[in-house]
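# model this:
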Amino acid sequence: MLIFLTSCEQSSSTTAPSSVAKLTAFSFAKVDSMPGLAAAVFTVDERLDTGLVWNKDSILYGTRIDHVVPRFVFAATPGFAALRFPDTTVALTGYDTLDFTKTPIYLTIRSADRSTTKVYEIRPTVHKVDPDLYTWTRLTEAVYPEDDSEQKVVELEEMFVMIASNGFDLDVYASSDGATWTNLGDPTGLPAGTRVRQIISDGHTLYYGQGNAIYTSPDGINWYANTVTENVVTMVMHWNDLIWVLTGQDEDYKIAIWEDEELIPTGLEPSGEFPVSDFATVCFKSASGRPRAMIIGGFAENGRSLNTRWNLEYSQHPLPNGTYRIEEFSISRPSFKSLTGVTVVEYDEELMMFGGVDNNVQYFGRDIYISGNEGLTWEKADTTKNSLPEVYQARQKQTAIVRGEYIYLFGGQDAEKTYSDVYRGRLNSINWVK
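Numbering: from 1, shown residues only. Sure, this is the predicted structure:
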């Protein structure tokens, strides 16, 4: 932009000099190496005294504004325009390269007839934090004293509910924020040998299956048995507003749904090794917009550690098994590791995997694995951008839950102890305007 500071009066014209002193637009000149500059959109607010020029959406992190060319658009050609910095004042020429990190910055405009003066504060903002950086915080060191328990955390209404078992006794803890927990006491109505990691939730009710019964609870404390004719192997997940259950025995499995206190066959029968424990589930929408669920790793009934990735997909189109189909992805992707005790969530349109062990019970470490292609392939997250705190120990059988813009990690265990700590992580840019 060129600022013309010359008078509009000439001998051949009778036009009077303008009395208007007003800024209508502000921007930074384009610089190829810093795309965030030209993309910045500034608003000019007229105020009774000093106007304000500001950008609602911060300029991209890392964009330098210490050597930029400002562009101004005026309502009328001014007689004088200058920028005042804390250490200097610059009369504008239209070609000025200036340092906009030196604040406060004031633009003074004087009308061509010198009768009007207007001052604007220019307040550019640049993101101070890396948008690709994850920040992790430990909310509590232990929900309950260290012991040899196994636990599962589920969401129930607006609470986190942790159910722990030491093999003999069960305890239930609840928290609204993951930091402060209350011991609700011992649950009643669950059978002996309850495997708490197989408890699932639809957000309003908890479910557990064993033998010829499915148990439900509205609060985690009071459980009620519902007799079924089929043998319940495990509760798989809550997905697509349905409770999914694995039934059968001797690896002759069928997938059913629990609805209106009844097990309803789906016609889906996994043909191959299907996990019965220590698997991970994650629910998301595929690139085509279809609801999809992935069941990852775990132990088969014969105790073998699996590298399977079973996918359930829902479609509006007719399919041989109604509107659902199941497919085993690891047939076409055999390089996937055998693993158990991992947890997987969808976050920021990616899948994230935490913890777990391989078939030799070797811990995967503290690394986080990321998949950007719906679980087909995985790679380690950049540890300079996404790394758990140093105090976080490698483990398996933890729980991960996404609530709003945060990922919560609960407990887990390693070869020596069971943890009941809680961590919360967040991507800086998760709620930024992109």
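
# all helices for the chain, in order.
For the chain, the helices defined by DSSP state H occupy 35-39.

# Scan the helices and strands of it for the one with the lowest mean pLDDT.
One helix or strand of the chain scores below all others by mean pLDDT, DSSP states H and E: strand 309-319, with a mean of 76.

# The longest strand seen in the chain pairs with which strands, parallel or anti?
For the chain, the strand with the greatest residue count under DSSP state E is strand 224-239. Strands that pair with strand 224-239, judged by DSSP bridges, come out as strand 206-217 (antiparallel), strand 242-249 (antiparallel).

# Okay, buried residues for it please.
Burial within strand 224-239, assessed by neighbour count using 16 or more other Cβ atoms under 10 Å, is assigned to 225, 228, 230, 232-239. (Glycine included, C-beta is placed from N, CA and C.)

# coming back round to it: of all the strands paired with strand 224-239, which one comes closest to V20?
Across the strands paired with strand 224-239, V20 has its closest neighbour in strand 242-249 (66.1 Å, Cβ to Cβ).

# quick one: that closest one to chain centroid distance?
Computed by Cα atoms, centre = their mean, to the nearest Å, the chain-centroid distance of strand 242-249 equals 29 Å.

# Going by neighbour count, which residues of that strand are buried?
Quick answer for strand 242-249 (16+ other Cβ under 10 Å): 242-248.

# Show me the chain divided up by domain.
In terms of domains, the chain is parsed into 23-123, 134-427 (source: automatic domain parsing).

# Low-confidence regions, the stretch 201-350 of the chain specifically.
The model of the stretch 201-350 of the chain has pLDDT under 70 over residues 316-322, 331-335.

# Just want the most central residue of the protein.
Residue closest to the average C-alpha location in the chain (Cα atoms, centre = their mean): Y347, at 3.4 Å.

# give the contact list for it.
Residues near Y347 by Cβ atoms under 8 Å, 6 or more residues apart in numbering: 402, 407, 427, 430.

# Distance-wise, check the third one relative to A400.
L427 sits 14 Å away from A400, taking Cβ to Cβ, to the nearest Å as the criterion.

# mind listing the strands for the stretch 51-200 of the chain?
Taking DSSP state E, counting those that start in this stretch, the strands of the stretch 51-200 of the chain run over residues 51-54, 70-74, 80-84, 89-91, 105-110, 117-123, 134-140, 150-156, 159-165, 170-175, 182-185, 200-201.

# chain center to the fourth one, what's the gap?
In terms of Cα atoms, centre = their mean, the centre of strand 89-91 is found 46 Å from the chain centre.

# packing partners for it?
Using 3 or more Cβ pairs under 8 Å, 6 or more residues apart in numbering; DSSP states H and E as the contact definition, the elements that strand 89-91 packs against are strand 80-84.

# What residues sit buried inside the strand it packs on?
By 16+ other Cβ under 10 Å, the buried positions in strand 80-84 come out as 80-81, 83.

# wait, isn't A39 in contact with L60?
Yes: using Cβ atoms under 8 Å, A39 is in contact with L60, at 7.3 Å.

# before we move on, back to that, could you dump the contacts of Y347 to TSV with distance to D177 and neighbour count?
Listed next are the contacts of Y347 as TSV, based on distance: Cβ to Cβ, whole Å; neighbours: other Cβ atoms under 10 Å:
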residue	distance to D177	neighbour count
V402	15	16
I407	14	23
L427	19	21
I430	18	15
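
# P86 versus the nearest residue to Y120 once chain neighbours are set aside, what's the distance?
What sits nearest to Y120 in space, not counting adjacent residues and going by Cβ to Cβ, 6 or more residues apart in numbering, is G51, at 3.9 Å. G51 sits at a distance of 19 Å from P86 (criterion: Cβ to Cβ).

# Neighbour count for the two, which is higher?
Higher neighbour count among G51 and P86: G51, with 19 against 9, using other Cβ atoms under 10 Å.

# For that one, give me its contacts.
Counting by Cβ under 8 Å, 6+ apart, G51 makes contact with 23, 44-45, 118-121.

# got it, and E327?
Shown in contact with E327 (Cβ under 8 Å, 6+ apart): 310-311, 313.

# Now with 10 Å, please.
270, 309-313 (Cβ atoms under 10 Å, 6 or more residues apart in numbering).

# same deal with H67?
For H67, the contact set (Cβ under 10 Å, 6+ apart) comprises 31, 34, 97-101.

# Distance to Y134 for the buried residues of strand 242-249 - can I get that in CSV?
Formatted as CSV, the buried residues of strand 242-249 follow (distance: Cβ to Cβ, whole Å):
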residue, distance to Y134
L242, 32
I243, 32
W244, 31
V245, 35
L246, 34
T247, 39
G248, 41
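
# and the longest strand of the chain, how far out from the chain's middle?
So, by Cα atoms, centre = their mean, the centroid of strand 224-239 is 31 Å from its chain's centroid.

# With only the CA atoms kept, save it in PDB.
Extracted C-alpha coordinates of strand 224-239, given in PDB (Å, rounded to 0.1, in the frame of the first residue of the first chain):
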ATOM      1  CA  TYR A 224     -29.000 -56.200  39.100                       C
ATOM      2  CA  ALA A 225     -28.800 -59.600  37.300                       C
ATOM      3  CA  ASN A 226     -30.600 -60.300  34.100                       C
ATOM      4  CA  THR A 227     -30.700 -64.000  33.100                       C
ATOM      5  CA  VAL A 228     -30.000 -64.900  29.500                       C
ATOM      6  CA  THR A 229     -29.900 -68.300  27.700                       C
ATOM      7  CA  GLU A 230     -26.600 -67.600  25.800                       C
ATOM      8  CA  ASN A 231     -23.200 -67.800  27.400                       C
ATOM      9  CA  VAL A 232     -21.800 -64.300  27.800                       C
ATOM     10  CA  VAL A 233     -18.100 -64.300  27.000                       C
ATOM     11  CA  THR A 234     -17.400 -60.600  27.400                       C
ATOM     12  CA  MET A 235     -19.000 -57.200  27.100                       C
ATOM     13  CA  VAL A 236     -17.400 -55.600  24.000                       C
ATOM     14  CA  MET A 237     -18.300 -51.900  24.000                       C
ATOM     15  CA  HIS A 238     -21.000 -49.300  23.700                       C
ATOM     16  CA  TRP A 239     -21.100 -48.100  20.100                       C
END
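
# No further questions, thank you.
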